[in-house]
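S.K.: sharing a model prediction with you, sequence too.
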Amino acid sequence: MEGLQIEAYRDGMVALDFEYTVLAANAAACELLAGESAEVVLPCELESFVLPVTPEYEWLQEMVRERKCLRNHVVRVLRSGKERTVLADSYFLRGREGETAGLVVFLKEIGNLVSLERQVQHHEKLATVGKIAAGVAHEIRNPLTSIKGFLQMMRHELERNGMGKEHSYTTVMLSEIERINGLVGELLLLSKPRELKMEALEMEELITVIAPLISSESILHNIEFALDLQPVPAVYADREMLKQVLWNLVKNAIEAMAETDGGKLKIESSYQEREGLVRVDIRDTGPGIPHYMLDRIFDTFFTTKETGTGLGLPICQRLVNDLGGKIQVTSKGFGTTVSVLLPGLVERNQP
């Protein structure tokens with residue numbers, strides 16, 4: 001099309017006539033709609049440009065058929081197994097005599113904005129839960145302390161009087177009280193950042209300290225445990241907080257494999273020199289996480305376990321964020337890898 005300088009447009013741009021012919025498209029539009037590997041010769045039929053079975057073909061065809069312009073229309077395009085969010089705007093294309101000759105569509109990828117919005121919503125939800133927790137924790141823990149005290153007295157009396165059956169009931173009740181206390185404690189971790197005792201930590205030393213505990217728990221669940229720790233720079237973190245994060249993630253992995261009667265657990269450490277990040281991978285051979293659930297695993301109270309609270313991963317994420325790091329989770333139908341990434345302390349050469 002003469003006079004249509006579409007390659008100068010940074011985002012995607014495609015022009016169509018009302019006969020479903022793609023008249024012109026820039027490289028960004030071809031990559032978004034046709035795919036990176038597609039070889040497109042323009043002009044061409046719409047179905048040669050975009051596969052007819054795709055949602056993007058349907059909305060392009062509908063737009064041309066009904067001759068309508070779109071404003072801020074959000075489209076999700078699936079390419080190479082990855083969903084990309086695109087904002088589409090379209091305008092009428094005028095011919096030389098001013099007649100309506102077709103449509104020109106502008107495509108702007110907004111994946112980063114959508115991701116940022118989700119993160120903001122997620123943190124707002126955590127903050128709300130935390131405020132509620134902080135407000136009710138005191139009111140819950142005070143009566144629990146009284147109940148626990150009287151139960152312990154009752155337990156002693158029942159044991160002294162030889163009432164073994166009733167004594168066993170108090171054991172269950174005290175256990176449930178501890179579980180409630182633990183839940184309240186987890187909620188409080190979401191309420192506000194705790195006071196950090198930051199220091200330079202050697203990741204290998206930290207993991208080695210908790211390794212016997214992990215090994216014991218693994219043996220109980222018929223799980224094979226292994227370490228593969230590479231030399232990495234120290235990290236600047238709170239020792240107890242980082243130990244809690246690693247232990248929580250290991251417990252999740254063990255619980256996942258317990259459902260399949262054993263498996264393999266491996267902890268690896270490495271250094272991503274380009275990004276300056278120390279990486280700890282916790283790999284399990286459990287049933288994995290379905291791809292449609294991966295986006296929700298850090299949501300508060302979301303859980304796939306019958307007895308889960310849905311607070312473990314959100315808390316780990318919160319704690320790692322407080323340390324200036326991030327958590328990544330990958331799962332491909334069998335097994336899951338949870339990665340903790342923290343900035344490494346690297347000495348820079350002085351000029």
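M.R.: Great, that's in hand. Since the model is a prediction, treat every value here as computed from it, not as a measurement. Numbering: from 1, shown residues only.
S.K.: next secondary structure after the lowest-mean-pLDDT helix or strand in the chain?
M.R.: The helix or strand of the chain with the poorest confidence is helix 111-160; it has a mean of 73 (mean pLDDT, DSSP states H and E). Next helix or strand after helix 111-160 toward the C-terminus (DSSP states H and E): helix 164-191.
S.K.: alpha carbons of the strand ranked longest in the chain, as PDB, please.
M.R.: In the chain, with assignment by DSSP state E, the single longest strand is strand 82-94. Extracted in PDB, the C-alpha atoms of strand 82-94 (Å, rounded to 0.1, in the frame of the first residue of the first chain):
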ATOM      1  CA  LYS A  82       3.400 -18.800  26.300                       C
ATOM      2  CA  GLU A  83       0.400 -16.500  26.700                       C
ATOM      3  CA  ARG A  84       1.000 -12.900  25.600                       C
ATOM      4  CA  THR A  85      -1.500 -10.100  26.300                       C
ATOM      5  CA  VAL A  86      -2.000  -7.600  23.500                       C
ATOM      6  CA  LEU A  87      -4.000  -4.300  23.400                       C
ATOM      7  CA  ALA A  88      -5.700  -3.900  20.000                       C
ATOM      8  CA  ASP A  89      -7.000  -0.600  18.400                       C
ATOM      9  CA  SER A  90      -8.400  -0.400  14.900                       C
ATOM     10  CA  TYR A  91      -9.300   2.400  12.500                       C
ATOM     11  CA  PHE A  92     -10.800   2.600   9.000                       C
ATOM     12  CA  LEU A  93      -8.400   2.600   6.100                       C
ATOM     13  CA  ARG A  94      -9.200   5.200   3.500                       C
END
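S.K.: residues contacting it, please?
M.R.: By C-beta atoms under 8 Å, 6 or more residues apart in numbering, the residues outside strand 82-94 that reach it are 12, 15-17, 32, 59, 63, 68-78, 100-111, 114. Any C-beta I mention is one placed from the backbone N, CA and C, and that applies to glycine too.
S.K.: what is the neighbour count of Asp322?
M.R.: 15 (other C-beta atoms under 10 Å).
S.K.: pretty sure it contacts Met241?
M.R.: Yes. With contact defined as C-beta atoms under 8 Å, Asp322 reaches Met241; the gap is 7.3 Å.
S.K.: low-confidence regions, the stretch 151-300 of the chain specifically.
M.R.: 186-195, 300 (pLDDT under 70).
S.K.: in it, which spans are strands?
M.R.: 198-201, 223-229, 234-238, 263-272, 277-284 (DSSP state E, counting those that start in this stretch).
S.K.: quick one: closest of those strands to Asn252.
M.R.: Comparison of those against Asn252 by C-beta to C-beta identifies strand 277-284 as nearest, at 8.4 Å.
S.K.: no further queries at this time; thank you.
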